[in-house]
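Participant: task: produce atomic coordinates for the following.
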Amino acid sequence: MTRARGYLTRMLIGSVLAAVAATGSAGAVQLGEGTPLPLEGYFTAPLWSPAGGGLALAGENFQGLYYTDMLGNLMTVSDAALAGWRFNWSPDGQHLAYRAREDEGSGMALMVAGTDGESKQVTPYLNDMFPPKWGKDGLTYRSGDELVTVDKDGKVTKVRSLSQGRGMLSRIASIAGSLMLGHVTGATFTAFGALLSSQALDGKQGKGVFLGPDNQIWTVDEAGKLKKLIDVENVAGYTDPVESPDGGKYATHGFDGNLYIADPKSDQPVNLGAGSNPTWSPDGRYVIFERTTDDGQRILTSDLWMASWDGSWVYQLTSTGVIEGYPSWSPDGSWIAYVIDGVVYIAPIEI
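Facilitator: Next up, the predicted model:
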């Protein structure tokens, strides 16, 4: 009788959890107790490797970029001043992209570091070098009226025009000056011109999403036509959009303090309320973010919150009285990394 009752209880619990998962309720969400990583130093902005098993970390005030295997081993990727600000992993988790400032000048370039810590400059120094966007095709950056995509070695693999009306020669000339010397001379320059020409002839310019100098997020279609990804009344601008793992949705922090989910297929973004620093679940169904209060000069409180991508529910994960921030979801969906006062914690999560 006891065994039968236990079986029925397990069946009932299983049915309830299945129903909760089907309806998208937050009732089944559980964030376990956090465990500090054994690291010496002050760190922030952890970002889980897509390959799992390790975290990239920014230093204090985003000075420097580091990698840890979470067993206490720490490797310095770069000690550049802004290397820790909006860095990005390659989809295979084998390389990190970050920005480095020119020794004597205001320009910045994209750098790529392997797991061995060796870094390589893959773009020229530009005055408007925005955070790296690493997709399946490579790293994409803006140069003049073009979106240029390069691989991990800096080879140009795709060019998307933001001004289709311009002639081919003027397009080649305008972008050539901003490419690294080794990529615009001799056969490489010829190949680059051929790449532009072939894309123009077959119409395959590709789509892109990028943050412009006006702090607006733009999409560009195959014809080079620009459209705002998100345009909310009385919101002056947005931060760099974070794409969902399943593709097609973007989480971005508005200058009004709210967190939005935008979809290029829809003109109606989802407003999740106050929030910043979003991280997506591996299946793209949920986001975890931080929600803070401040006195105008310093952060007073910060807790972790979770929401469904469509805004059907929003749920508070932590309420500890300490300042928790910069969440990052592990690629297997089982863990959340976050920071408290320079210490990196990891906590199990169940949905």
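Participant: please make it C-alpha for all contacts and neighbour counts, starting now.
Facilitator: Fine.
Participant: how about the strands in the stretch 101-250 of the chain?
Facilitator: Assigned by DSSP state E, counting those that start in this stretch, the strands in the stretch 101-250 of the chain fall at 108-114, 119-121, 133-135, 138-143, 146-150, 156-161, 208-211, 217-220, 226-228, 242-243, 250-253.
Participant: same list (those) but as CSV, adding mean neighbour count.
Facilitator: Converted to CSV, the strands of the stretch 101-250 of the chain look like this (neighbours: other Cα atoms under 10 Å):
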stretch, mean neighbour count
strand 108-114, 22
strand 119-121, 17
strand 133-135, 19
strand 138-143, 24
strand 146-150, 21
strand 156-161, 23
strand 208-211, 20
strand 217-220, 20
strand 226-228, 15
strand 242-243, 20
strand 250-253, 24
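Participant: want to try TSV for the ones you listed, with mean pLDDT and distance to residue 43 as columns?
Facilitator: Shown next, in TSV, are the strands of the stretch 101-250 of the chain (pLDDT from 0 to 100; distance: least, Cα to Cα, whole Å):
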stretch	mean pLDDT	distance to residue 43
strand 108-114	90	19
strand 119-121	92	21
strand 133-135	85	23
strand 138-143	85	25
strand 146-150	84	30
strand 156-161	80	34
strand 208-211	82	26
strand 217-220	88	29
strand 226-228	89	34
strand 242-243	94	21
strand 250-253	97	22
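Participant: residue boundaries of the helices in this protein?
Facilitator: Here the chain has its helices, by DSSP state H, at 2-23, 168-176, 186-202.
Participant: mean pLDDT lowest where, among those?
Facilitator: Of all these, mean pLDDT reaches its minimum on helix 2-23 (a mean of 33).
Participant: looking at the strands of the stretch 101-250 of the chain, which is closest to residue 311?
Facilitator: strand 250-253 (11.8 Å; Cα to Cα).
Participant: mind listing residues that contact that closest one?
Facilitator: 238-244, 259-263, 275-278 (Cα atoms under 8 Å, 6 or more residues apart in numbering).
Participant: over to stretch 225-245?
Facilitator: Taking Cα under 8 Å, 6+ apart as the rule, stretch 225-245 contacts 131, 162-164, 209-211, 214-220, 249-256, 262-264, 267, 269, 278-284.
Participant: now do the buried residues in it.
Facilitator: Residues 226, 229-231, 237-245 are the ones in stretch 225-245 that count as buried (16 or more other Cα atoms under 10 Å).
Participant: next: stretch 120-132.
Facilitator: Those would be 121, 122, 123, 124, 125, 126, 128, 129, 130, 131, 132, for stretch 120-132 by 16+ other Cα under 10 Å.
Participant: what's near enough to touch residue 109?
Facilitator: Contacts of residue 109 (Cα under 8 Å, 6+ apart): 99, 100, 101, 102, 121, 122, 123, 124, 125, 126, 129.
Participant: who does residue 89 bridge with?
Facilitator: Per DSSP bridges, the residues bridged to residue 89 are residue 96.
Participant: where does it land on pLDDT?
Facilitator: Residue 89 is given a pLDDT of 94.
Participant: how about residue 344?
Facilitator: 97.
Participant: please name the residues that touch the spatially closest residue to residue 138 that is not a sequence neighbour.
Facilitator: In space, and not counting its chain neighbours, residue 138 is closest to residue 151: 4.8 Å by Cα to Cα, 6 or more residues apart in numbering. Contact partners of residue 151, counting by Cα under 8 Å, 6+ apart, are 137, 138, 139, 157.
Participant: which one of these sits closest to residue 305?
Facilitator: If you rank those by distance to residue 305 using Cα to Cα, residue 139 comes first, at 30.3 Å.
Participant: surely that closest one meets residue 133?
Facilitator: Yes: between residue 139 and residue 133 there is a contact under Cα atoms under 8 Å: 5.5 Å.
Participant: now do the shared contacts for the two.
Facilitator: With Cα under 8 Å, 6+ apart as the test, residue 139 and residue 133 reach no residue in common.
Participant: re the thing from before, lowest-confidence entry in the contacts of strand 250-253?
Facilitator: Least confident of the contacts of strand 250-253 in the model: residue 240, at 88.
Participant: tell me the spacing between that one and residue 347.
Facilitator: Between residue 240 and residue 347 the computed distance is 26 Å (Cα to Cα, to the nearest Å).
Participant: next one: residue 258
Facilitator: Remark: distance between residue 258 and residue 347 (Cα to Cα) = 25 Å.
Participant: the residue nearest the centre of the chain and residue 34: what is the separation?
Facilitator: By Cα atoms, centre = their mean, the chain has its centre lying nearest to residue 242, at 4.3 Å. With the distance defined as Cα to Cα, residue 242 ends up 25 Å from residue 34.
Participant: now residue 243
Facilitator: Using Cα to Cα, residue 243 is found at 26 Å from residue 34.
Participant: repeat for residue 264
Facilitator: With Cα to Cα as the criterion, residue 264 and residue 34 are 36 Å apart.
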